[in-house]
Structures are given as C-alpha cells and as structure tokens.
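*Asks:* fold the following, please.
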Amino acid sequence: MKLFQPTYFSPISQYAAIYGEKHIAFEFEDNYQKQTYRNRCYIGGPNGKQLLNIPVKHGTSSRKTKDIEIDYDGSRWYDNHIKSLQAAYRSSPYYEFYEADIIDIFKKEYKYLIELNIAFHNFIMDALQEDTLYTKTSHFNFEEQDNDYRYLANAKQNLTWKFPAYIQMFDGKHGFQNNLSILDLLFMEGPASYKYLLSINKMNP
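*Replies:* This is a model prediction of the structure:
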C-alpha cells in the first residue's frame, strides 16, 4: 500500500502516484515540518509560479501534523487564495465547474490543517472520478519503506520525474511549469486529467 502525506492542493506528482490505486494510506502520526506542501501549494499565475500558503498557529516544533491548527486570526485568508485562483484560472476551460465546491470547502473553516487537506483530497478524487480509499496511519515509521511517497510533501525536493507539457494559462509568457498544484491540471483538462496522470506514470515507472 502506498503511503502519502496529506498536503494542500497537492502537486501533480502526488496524484500521479495515487491514481489507479485501490487503497492508500495517509500519514497522521508524523511531526509537523515547515516549508512543505502540508500548508502550501503552487499555481501558475499571471506573473509566473505563485505560492499559496495557509497560515498555521505556532507552537512547539515537535507537534504532530494532525494537531496543527489553521490560524484564521479574525481574517479570512482563504479569500486571498480564492482571488488568486480566479485571477489565474477564471478563463480556463474548467474553472467554473469546480469553483463553487472549492469555495464551499474553504468556508467551512476547518480547525485543523489536516482536516482541510483531506477535504480537498476528497474533492480532487471526485473531480478525477476516482474511488481510491484511504486509511490513516496509527503509528509513525521513521524508516523509508516500499511504496513510501511521503517525500513528495517536501517542497524543496529536487524531483527528477519527467513531466510532459500540457497547455497552461500563461505558458506563452512563462513557458511550461511542471508539477504545479493538481488544480492547474484540473482547471485545464477537467475530467480528462487522468490521461495526463497516466502518462506521467508511464514516463516514470
């Protein structure tokens, strides 16, 4: 069974690894690490690669990821994320099909980061028309194991995978940007996104 870290609008590589699996596991017992895809994603904006970051409440560095709380601090930070998605993708072929569902999830204002990430994961799987089931880990294994894909949550990872190009909103200005958030692919390809995920699997066996 493949093991993953729940991340925020995960990069395409994560869903390429997930797609086609009947059952996966999500890591729930690890210690939280900063500067990872746990609370950030990258989209293709008008000015190039753009970071969307979820503010979290600060505390001891040894807190488990499942205990990390989102910091709303009297503000609706997600309004800025929604505006960024609109600026980048409102003219894309499929944005309007998914916008309402995304906004609805944001407005629930989940307390814990991992809850929000799982909610968006479920949304993505529905959009991909994929019925992969997931379980939660009950303990943390420090050692890497077979089918361990937790490294895909590392935003600084120098991933050597090959990514074929697909049409992006601003590729004429910035060129093709690989392994952005799964949203970039979904807004451009819609239900056909699975074909691209399968192509990545073939190129990176």
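*Asks:* now the strands for the protein?
*Replies:* If DSSP state E is used as the criterion, the strands of the chain fall at 2-4, 23-26, 40-45, 48-53, 133-136.
*Asks:* need the longest helix for the protein.
*Replies:* helix 113-127 (DSSP state H).
*Asks:* who touches it?
*Replies:* Residues outside helix 113-127 that contact it (C-beta atoms under 8 Å, 6 or more residues apart in numbering) are 6-10, 15, 26, 28, 38-39, 54, 56, 65-66, 68-70, 98, 101-102, 105, 108, 110, 131-132, 134, 182, 186, 191, 193. Yep, even glycine has a C-beta here, placed from its N, CA and C like the rest.
*Asks:* and that helix with strand 40-45, angle?
*Replies:* Here helix 113-127 runs at 50 degrees with respect to strand 40-45, directions being taken by axes from the mean of the first three to the mean of the last three C-alpha atoms, to 10 degrees.
*Asks:* state the mean pLDDT of helix 113-127.
*Replies:* Helix 113-127 shows an average pLDDT of 98 in the prediction.
*Asks:* and stretch 161-171, by the same measure?
*Replies:* 97.
*Asks:* using PDB, write out every CA atom in that stretch.
*Replies:* Taking C-alpha atoms only, stretch 161-171 is exported to PDB below (Å, rounded to 0.1, in the frame of the first residue of the first chain):
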ATOM      1  CA  TRP A 161      10.500  12.900 -12.600                       C
ATOM      2  CA  LYS A 162       9.700  13.700 -16.200                       C
ATOM      3  CA  PHE A 163       6.500  15.800 -16.800                       C
ATOM      4  CA  PRO A 164       5.100  16.100 -20.400                       C
ATOM      5  CA  ALA A 165       3.800  19.500 -21.300                       C
ATOM      6  CA  TYR A 166       0.200  20.400 -21.400                       C
ATOM      7  CA  ILE A 167      -1.500  23.700 -22.200                       C
ATOM      8  CA  GLN A 168      -1.300  26.100 -19.300                       C
ATOM      9  CA  MET A 169      -2.900  29.600 -19.000                       C
ATOM     10  CA  PHE A 170       0.300  31.600 -19.200                       C
ATOM     11  CA  ASP A 171       2.700  29.200 -20.900                       C
END
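*Asks:* before I go, just wanted to say thanks for your time.
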